[in-house]
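> Let me see the structure of the following:
(2 chains)
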Amino acid sequence: MRSFAFHRPTTLYEMSALLGGVADSMPLAGGMTLLPTIKQRLATPAALIDLSKIPQLSVISAQGDILTVGAMTRHVDVAESELVRSKIPLLAGLAAGIGDPAVRNRGTIGGSVANNDPSADYPAAVLALDATVVTDRREIAADAYFRGLFETALDPGEIITALRFPVPSAGAMPNSNRRHHAMRWSACVSAKQAGKVRVAVTGAGPGVFRVAAMEAALERAFTPDAVAGIKLDAENLSSDIHADAEYRAHLVTVMAKKAVMSALQTS
Amino acid sequence: MHGGIVQGVGQALYENAVYDDVSGQLLSGSFMDYTMPRADHLPNMTIKTHSTPCTHTPMGVKGCGEVGTIGSPAAVINSVVDALSHLGVLHVDMPATPNRIWRVIQNATMPRAAE
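Okay, the predicted model is just below:
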């Protein structure tokens, strides 16, 4: 690991000044991806701007049917938040299932959404719940935000400050078997809001995506059987040493059925 | 004893050294990709002893730490094959990952038993 300067701003104003003013700097959220990347010398920033000491970035609040989670909120804090549990239990359950305790104690929701790892869990929830990505410059709808493998609508230097989730009438992300690998092969979030259903899949393709055929079927009948016959085309899915594309396509249907089943049980 | 058994179960179900066909690069080169068995992968075990003293060492002692490593892969894979025998499955490669078992089921030649 090369040496680098370390800055720890305590206000958004100070953060912006550092990000704009310090050459070759990178923002540091939980560091669950950035630090290993630096260790492997795949990234060699001259300076890290640590966002963890800016208080308003880790606030969880609710106003009416909108739950707002600050970008620097750690997974463990989302998992244990009474507010999140009462408003959107699937989000608390998702956070509780990320990585291991060490990762949940450091990793943040904003870091996960900014990184957009193809097997990350949060992007699926952000997309399925039709959340808004709030940055230091603007607000971006989830549908416009995710752009494929590690790609997002964020401009260089743009920082996520919060995620805004509308509270769904039903929704679930079932636990998938993670024993063989730290990453997910396929997981699915289904959420129902005002008669509209959104289904988002992570871990199966080069980025999180929605499944229109499943959404249409679930809007006609919100039952596991509605999606049982809908298979994704394996051609567009990922294949690696853990799971080939055909198996992933199979798992998407299985996980979608489970998601609907669990959404019906918890709503 | 537990460690030896778990090592064998790891070989049977989880641990997969995968090399790239072209470059020879090890693809499962970290514990992100190479699955070591963990405590929550296995149930509790009951160990029962069956003593057969060694005839040519002092006090009849012999090493037995890895004895479970010999038997457990065969026991696990045989039980996987047995579970799939109604499909005509006679062989499953180690490690028997979910993807492999799914493939074996997809490629099974015998029709599934009437449900």
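> Kindly check the end-to-end length of stretch B:55-74 for me.
28 Å (Cα to Cα, to the nearest Å).
> In space, not sequence, find me the middle residue of chain A.
The centre of chain A sits closest to residue A:122, judged by Cα atoms, centre = their mean, with a distance of 1.8 Å.
> Show me the shaky parts of chain B.
B:110-115 (pLDDT under 70).
> Can you show me the helices along it?
B:2-13, B:67-83, B:98-106 (DSSP state H).
> Packed most tightly, which of these would that be?
Greatest average neighbour count among the helices of chain B goes to helix B:2-13 (a mean of 20), per mean count of other Cβ atoms under 10 Å in any protein chain shown. Every C-beta, even on glycine, is put in place using the N, C-alpha and C of the backbone.
> Restricting to C-alpha, output it in CSV.
The C-alpha coordinates for helix B:2-13 follow below in CSV (Å, rounded to 0.1, in the frame of the first residue of the first chain):
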residue,chain,number,x,y,z
HIS,B,2,-13.9,-32.7,14.1
GLY,B,3,-11.3,-30.8,12.1
GLY,B,4,-10.4,-33.9,10.0
ILE,B,5,-14.1,-34.6,9.2
VAL,B,6,-14.7,-31.0,8.3
GLN,B,7,-11.7,-30.9,6.0
GLY,B,8,-13.2,-33.8,4.1
VAL,B,9,-16.7,-32.2,4.0
GLY,B,10,-15.0,-29.1,2.6
GLN,B,11,-13.5,-31.1,-0.2
ALA,B,12,-16.8,-32.7,-0.9
LEU,B,13,-19.0,-29.7,-0.9
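> Please, where are all the helices along the stretch 101-250 of chain A?
Using DSSP state H, counting those that start in this stretch, the helices of the stretch 101-250 of chain A run over residues A:101-106, A:109-115, A:122-128, A:142-145, A:212-220, A:224-228, A:245-266.
> what's the most buried one of these?
Sorting the helices of the stretch 101-250 of chain A by mean neighbours (by mean count of other Cβ under 10 Å), the first place falls to helix A:122-128, with a mean of 28.
> Just put the helices of the stretch 101-250 of chain A in a markdown table and tack on mean pLDDT and distance to chain B.
Formatted as a markdown table, those follow (pLDDT from 0 to 100; distance: least, Cβ to the nearest Cβ, whole Å):
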| stretch | mean pLDDT | distance to chain B |
| --- | --- | --- |
| helix A:101-106 | 95 | 12 |
| helix A:109-115 | 97 | 15 |
| helix A:122-128 | 95 | 19 |
| helix A:142-145 | 98 | 26 |
| helix A:212-220 | 95 | 21 |
| helix A:224-228 | 95 | 15 |
| helix A:245-266 | 92 | 5 |
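> could I get those helices as CSV with distance to residue A:50?
Below are the helices of the stretch 101-250 of chain A laid out as CSV (distance: least, Cβ to Cβ, whole Å):
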stretch, distance to residue A:50
helix A:101-106, 12
helix A:109-115, 12
helix A:122-128, 20
helix A:142-145, 24
helix A:212-220, 39
helix A:224-228, 43
helix A:245-266, 36
